[in-house]
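> Predicted structure and sequence below. I'll ask about it afterward.
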Amino acid sequence: MFSERTSVGLDVHARTTMAWALDCETGRIFSQRLDAETHNVMTWVAGLPQPAAVAYEAGPTGFFLARTLDEHGIRCVVAAPSKMERPRGDRIKTDKRDAQRLSKLLRMDELPTVRVATPAEEAARDLVRGRDDMRRDLARARNRISKLRLRQGRVWRGGTGWTCIHHE
């Protein structure tokens, strides 16, 4: 169990972040929708009773926020959303409820976490994902062109398609 006074859950999106925090000494709850800029989130968390710990779900926003919080001495846990169980009957899903749930699970030390990637690892992942996306896009474009030519009765019979000879 950790000794932070305040447990913070963040539901992070591209443009906004829903923040929900519980001061475990006084029971006071803090909640606010923030602009998703890292500076704004940092300022809000820094204004809470300290020490504080923060949790948010891994997603397309990456790990920049987690690294920034850690650099400022605020423990940050990034949760694996695919490994988090949802309570039975919990059909209403809102940003505020998600942030509240993350805060409570953090306090109980019940969050399945992921390792925060270094900037170099994150850049490599982005490169690999981008290359894979481009490869798939190229295959889809070639398939569309081949099917268009087939519908027009123009079939390539000179060997393997999409080679230098085929392009000529």
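Perfect, thanks for sending it.

> From the centroid of this structure, which residue is nearest?
With distances taken as C-alpha atoms, centre = their mean, Gly59 lies nearest the centre of the chain, 1.2 Å away.

> Phi and psi next, for it.
phi -170, psi -160 (degrees, to the nearest 10).

> quick one, domains of this structure?
Split into domains by automatic domain parsing, the chain comes to 6-107, 119-167.

> just those: most buried one?
domain 6-107 (a mean of 17; mean count of other C-beta atoms under 10 Å). No exception for glycine: its C-beta is placed from N, CA and C like everyone else's.

> about what we covered before: residue contacts, the closest residue to the residue nearest to the centre of the chain other than its chain neighbours?
Sequence neighbours aside, Val12 is the residue nearest to Gly59 in space, at 6.7 Å (criterion: C-beta to C-beta, 6 or more residues apart in numbering). By C-beta atoms under 8 Å, 6 or more residues apart in numbering, the contact set of Val12 is 36, 56-57, 59, 61, 65.

> wait, which of the residues you listed is closest to Arg5?
Tyr56 (18.9 Å; C-beta to C-beta).

> Is the closest one in contact with Leu65, as I believe?
Yes - in this structure, Tyr56 is within contact of Leu65 by C-beta atoms under 8 Å, at 7.0 Å.

> And the residue nearest to Gly59, how far from Arg131?
Distance of Val12 to Arg131, given as C-beta to C-beta, to the nearest Å: 26 Å.

> Does Arg115 lie in a helix or a strand, and which?
Using DSSP states H and E, Arg115 is not contained in any helix or strand.

> For it, which residues are in contact?
Contacts of Arg115 by C-beta under 8 Å, 6+ apart: none found.

> Give me the phi and psi angles of it.
When quoted as degrees, to the nearest 10, the phi and psi of Arg115 stand at phi -80, psi 140.
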